[in-house]
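Novice: pasting the sequence and the predicted coordinates here, then a few questions.
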Number of protein chains: 4
Amino acid sequence: MAGSTFGTNFRITTWGESHGAGLGVVVDGCPAGLALTESDIQSYLDRRKPGTSAYTSPRKEADSVKILSGVFEGKTTGTPISMMVCNTNEHSKDYDDLKDIYRPGHADYTFDQKFGHRDHRGGGRSSGRETIGRVAGGAIAAKILKEKGISFLTYATQIGPVRIDPNHFEPGAISENPLCMPDAKAAVEAAAYLDSCRADQDSAGGIIECVITGVPAGIGAPVFDKLDAKLAQAIFSIGAVKGFEVGDGFAVANANGSTNNDAFVSNEAGIAKATNHAGGILGGISDGSPIIFRAAIKPTPSIGKEQKTVTKDGRETTIAIAGRHDPIIVPRAVVVVECMAAVAVLDLMMENLGSRFE
Amino acid sequence: MAGSTFGTNFRITTWGESHGAGLGVVVDGCPAGLALTESDIQSYLDRRKPGTSAYTSPRKEADSVKILSGVFEGKTTGTPISMMVCNTNEHSKDYDDLKDIYRPGHADYTFDQKFGHRDHRGGGRSSGRETIGRVAGGAIAAKILKEKGISFLTYATQIGPVRIDPNHFEPGAISENPLCMPDAKAAVEAAAYLDSCRADQDSAGGIIECVITGVPAGIGAPVFDKLDAKLAQAIFSIGAVKGFEVGDGFAVANANGSTNNDAFVSNEAGIAKATNHAGGILGGISDGSPIIFRAAIKPTPSIGKEQKTVTKDGRETTIAIAGRHDPIIVPRAVVVVECMAAVAVLDLMMENLGSRFE
Amino acid sequence: MAGSTFGTNFRITTWGESHGAGLGVVVDGCPAGLALTESDIQSYLDRRKPGTSAYTSPRKEADSVKILSGVFEGKTTGTPISMMVCNTNEHSKDYDDLKDIYRPGHADYTFDQKFGHRDHRGGGRSSGRETIGRVAGGAIAAKILKEKGISFLTYATQIGPVRIDPNHFEPGAISENPLCMPDAKAAVEAAAYLDSCRADQDSAGGIIECVITGVPAGIGAPVFDKLDAKLAQAIFSIGAVKGFEVGDGFAVANANGSTNNDAFVSNEAGIAKATNHAGGILGGISDGSPIIFRAAIKPTPSIGKEQKTVTKDGRETTIAIAGRHDPIIVPRAVVVVECMAAVAVLDLMMENLGSRFE
Amino acid sequence: MAGSTFGTNFRITTWGESHGAGLGVVVDGCPAGLALTESDIQSYLDRRKPGTSAYTSPRKEADSVKILSGVFEGKTTGTPISMMVCNTNEHSKDYDDLKDIYRPGHADYTFDQKFGHRDHRGGGRSSGRETIGRVAGGAIAAKILKEKGISFLTYATQIGPVRIDPNHFEPGAISENPLCMPDAKAAVEAAAYLDSCRADQDSAGGIIECVITGVPAGIGAPVFDKLDAKLAQAIFSIGAVKGFEVGDGFAVANANGSTNNDAFVSNEAGIAKATNHAGGILGGISDGSPIIFRAAIKPTPSIGKEQKTVTKDGRETTIAIAGRHDPIIVPRAVVVVECMAAVAVLDLMMENLGSRFE
């Protein structure tokens, strides 16, 4: 199954397992002449690494990235950029007890069904560490987009039952609370909720929202490679995602055409929309408004609470997963969502260059 | 922009506009030796054609399919299957007044931004008629899957504010009411709601659910080509879709690991799951349980009610769209959702053939 | 096997069999705004149709093309261009005797080995008629390239043992003799040779050369998608091709670095090369010189002479193929070679648009 | 330009430059359960490394490979196999004088035209070292094929003017002379010829032939992904290749149908061919006979002899390339040709798994 590549023009190919030698990505199709250093990548990886708050795993993973190719004298050459993060803090032994037990909510059973032979240590390729390559690749995409005037704001709108108050949206709060919520008050409540989950040896889920501003109208292809369809694949390919919606999303089910359609208006900058129920995409093509989407993240499947399950040979048993697990994945997944969105948007922007005969 | 192809091993390439000569699809990668006739395809196309109830457009579109290649003596040959539906009922003149006005909620503006030159008649390539090729291709995928023991049940769970009662799920009702709801009572309420929308010259949205049974464990690739990620792209590439979720979907945000994880159990057939919050997919790979997903469908953007908009040159105006439009897209979109799901599942099943060294 | 698509950005998907309803192509990724009519395509198809001289099959195939989508008001819309040629002159009965006999030099046996079920009439999908879709798609590519200042000159340099005299290259002769040779004298000799082949119920091969002028430096990707590598695939995918070479080709085996390297020189237009042994490509990327390649075309496998072969069930027998076959494929293949080259060059040119960060 | 990936089902993505940190490959789509160690790869890399004879560069490059992912407990897991070779013997300074001069026969000028910014050290990405990733990936493909009963024999048939005598084909000689010729006498002559080239500060070219035995009938797709077309792309993507031919190749131009067609015969094993002019491929699909192809390799462009060229800013100058260059690339290219062929064949074999409906 050759499913480790995403993108056509700007293309990332990730590799690596949780407890192997390391993880990495090959970025192919990056234009030549972009100033790029390891620190451009590291700042994104630091946003996903654990151990940064009480609400992420206490594991210490430095996750230092090395650029191995494709950059010369500080600038990209247009050839593949290979990046790698070495694994340094593996506790492989932690997993010896688990190798013949299928952890509920994990991919242990399905990998065995597909491949027969599986690296059971820390989930192997199905580990959240697989996202390191995505973040490293997405950091480059985001840098290119930033220089084109495109920026991302990504945050949690919901942690368990706690939702942000959309009327008191505080962008400044996102980086000031460990839960990446744009609402300081909600973040405090959410932290209290997570404390109770943890006391119960349990975990929580949440919702991540991403707003992309500056995307010009005209990005995306009309049929299967719609901008929203490629974003859907990009975001749903992140392990814990169970839902994806754009603009008003599932709420459109109970809207009417008259309330859901966005009126076009004319202003000094040209044609714009009076509202943005569509989330910046019409017919699969960006309309110049901010692109808005949300992803639902499931609770961390690794919990200390005892769960029923079976062994590889079908014997029923119970499992209580010890170890250093995140009580919630949402805060660390924020940057992964942002990076996958950056790759999807850039890939389609580059395809767009040939859309008109001139 | 070469975005009219979906799939790698089983691949559909669609073409055609609302008011051109016709629409079609080339299916490449269909295995040889499958018994196939036009009636296999026509029965699916008949499920999407308009004019079948008070709640679809009264347009008369026969949508008769012709198989032009790839089938010999009633069986597929393994070479491309080209299929075509001729357009017969075009009222191109209906659209002359609209050619310089951007219809809210439609892709008129974004197509102009992308391509400059656009077929404005009935939306051209962005018309819902574009889905004819998807349905014709998906009908073949569904036939192959059926012979492998895989079946689809697809229906509306919500029309505007009316939801089905999950405790009184009536599969037999789906084909007996024009709204494809598995709840006869809800269908009556939904019809009344749609009558009121129509009286207001307005339209409604809804939610479609699809349950796929019989998919063996092991389908889907671990990273970017996860089964749910490819389904997400496939479903989100359908024009009116604004949300997609698998299993418990957005509800996972407020679940805990202990309630969201599905316990593995052992039964006579082997290993199974006690519940199915995951919707049949773990780590992007099918787990042998039914695959369950939902799509949110926006209200038809074409409404008779007056809306504010602008002309191509930026002059503000209003528009009231006459013509023969669907008050709701959901009932006709049911088969489109099913067909895209069939293509996505089959494509990944075929990739799967090489996943183990033997 | 989904192998009927070529190209990434400018993409052709062909379909159809020799004796089915027709043959066609879907061109995806053509930029919007290109003036295009059926006559642009027809003039290329006319170059490949039979019955135009004593040295092609006497079959009468009008091969009239219809554009079914993607063109509106005489200009491309950026959406898929579907084109079709109906089959009108099928003598399917001619092939009834052949359905259980494997014709030497044809794909009958290999298709049966691969697919089990095969359309035996006239070779089905392996017929030379399959190239109709390539020519229709390539005609569009060639038109775009022409407007970018890129032109093609394609001709036969060898027919059986008769070679053109490179010192008396007459481009004007190409369209004036039925063998497309740029040497009127050689064309007369070649015609005499073909007359003798025909008298022997035999067939002949030859070599086609293509010179592409006006390609700017910088087209092609450094590794697997080198311009020459994609041309190699494009040309070798034409049924009868058994050899492909660029520039000095196989003669480089006996050259030295000092004679094979092309010196760079400076002239009023900038940097150029004093010679062109490389055939216009260095490191897989165009260097601004004319691109020159040759393809070796095998003798038509269908001959009247008796040949040994076997039946489907392995019984040894003989076969003498009656019917209306070309004594040589070369003259009709000239335009097919040109069209595939046009698709390959355009596809890489469009990828090139994103190669620099600006 | 995202052109560093080859293959669909079995896919290699290479990265790295001559004088960067290292070079590598990500192999995606390798089936799970294959026994694999670094020594499986190293034995192939050792065949391409320099310094092994008087007729390769005296550079010392250990080219030790490391497997970084995708293998667990000695067996592949079905997830990406990342492999890397560190660069250890770079003499970057050697190239400082060359950074503003375009070397004839190299890609310096075309890279600058395409990318603007270029790693000039040793050719950067256009260096022959780029083939390290191909060989590492191809070694895995070859191992899988070997276990399926498919083997490769690859050798030089011509070095400069010296050709092997096909009537005295000695397979055992291939590994016993430094020029990989299956004719000990010709190898001695060729060595003498290379000595004279070297004395002249010049270089030589040659022809490589590859014979693949054991490929079952039915591999390859009928149209663009013909087995020979994909082999053509695979082999032509190797830097120094200027010609490619299958079976009788360019000689078919002067053959007749009656001599070029291979008669089918019946033997105890089933249906076979009496001769193999076709080189094992009919209609793009393997016919069960040995697959035979040849590649023409140009003389090493780096020579000590003085050559005319220009600087980056167009000033005419001369260049005499010192350094440790191969007087001929052929012996080291043998394994690269073999490995690319292995990847192409395996990729199409894996696609083939779904070609029949059963």
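Specialist: Received, thanks. Residues are numbered from 1 along each chain as shown, chains lettered A, B, ... in the order given.
Novice: so where's the stretch 51-200 of chain A shaky on pLDDT?
Specialist: Residues of the stretch 51-200 of chain A meeting the criterion pLDDT under 70: A:89-94.
Novice: alongside chain D, which residues does it contribute?
Specialist: A:66, A:68-70, A:72-73, A:75-82, A:84, A:114-119, A:124-125 (CB under 8 Å from any CB of the partner chain). From N, CA and C alone the C-beta is placed, and that goes for glycine too.
Novice: same thing but at 7 Å, please
Specialist: A:68-70, A:72, A:75, A:77-80, A:82, A:114-119, A:124-125 (CB under 7 Å from any CB of the partner chain).
Novice: what about the strands in the stretch 101-250 of chain A?
Specialist: Here the stretch 101-250 of chain A has its strands, by DSSP state E, counting those that start in this stretch, at A:151-159, A:162-163, A:206-213, A:241-246.
Novice: not counting its own residues, what contacts the shortest one?
Specialist: Translated: strand A:162-163. The contact list for strand A:162-163, computed with CB atoms under 7 Å, 6 or more residues apart in numbering or on different chains, reads A:157, A:186, A:189-190, A:193.
Novice: and which of the residues you listed is nearest to residue C:244?
Specialist: residue A:157 (57.4 Å; CB to CB).
Novice: count of neighbours near that closest one?
Specialist: 21 (other CB atoms under 10 Å in any protein chain shown).
Novice: for residue A:308, same thing?
Specialist: 15.
Novice: any idea what it is bridged to?
Specialist: residue A:318 (DSSP bridges).
Novice: tell me the secondary structure at the residue of the stretch 201-350 of chain A found nearest chain C.
Specialist: Nearest residue of the stretch 201-350 of chain A to chain C (CB to the nearest CB) works out as residue A:350 at 4.2 Å. Put simply, residue A:350 is helix when judged by DSSP: H, G, I helix; E, B strand; the rest coil.
Novice: show me where the stretch 251-358 of chain A has its strands.
Specialist: Taking DSSP E, counting those that start in this stretch as the criterion, the stretch 251-358 of chain A carries its strands at A:264-267, A:270-273, A:281-282, A:285-286, A:291-297, A:307-310, A:316-319.
Novice: nearest to residue B:297, of these?
Specialist: Closest approach to residue B:297 among the strands of the stretch 251-358 of chain A (CB to CB): strand A:281-282, 15.2 Å.
Novice: and for that closest one, what are the contacting residues?
Specialist: Identification of contacts with strand A:281-282 by CB under 7 Å, 6+ apart yields A:220, A:227-228, A:246, A:287, A:291, B:106-107, B:109-110.
Novice: contact residues of the stretch 151-300 of chain A facing chain C?
Specialist: Within the stretch 151-300 of chain A, the positions adjacent to chain C are residue A:222 by CB under 7 Å from any CB.
Novice: the same query, at a cut-off of 10 Å, please.
Specialist: Within the stretch 151-300 of chain A, the positions near chain C by CB under 10 Å from any CB of the partner chain are A:221-223.
Novice: out of those residues, which one sits closest to residue D:137?
Specialist: The closest of those to residue D:137 turns out to be residue A:221 (CB to CB; 31.0 Å).
Novice: neighbours around the nearest residue to the closest one once chain neighbours are set aside, how many?
Specialist: Nearest residue to residue A:221 in three dimensions, chain neighbours excluded: residue B:3, at 2.8 Å (CB to CB, 6 or more residues apart in numbering or on different chains). Residues contacting residue B:3 under the criterion other CB under 10 Å number 24.
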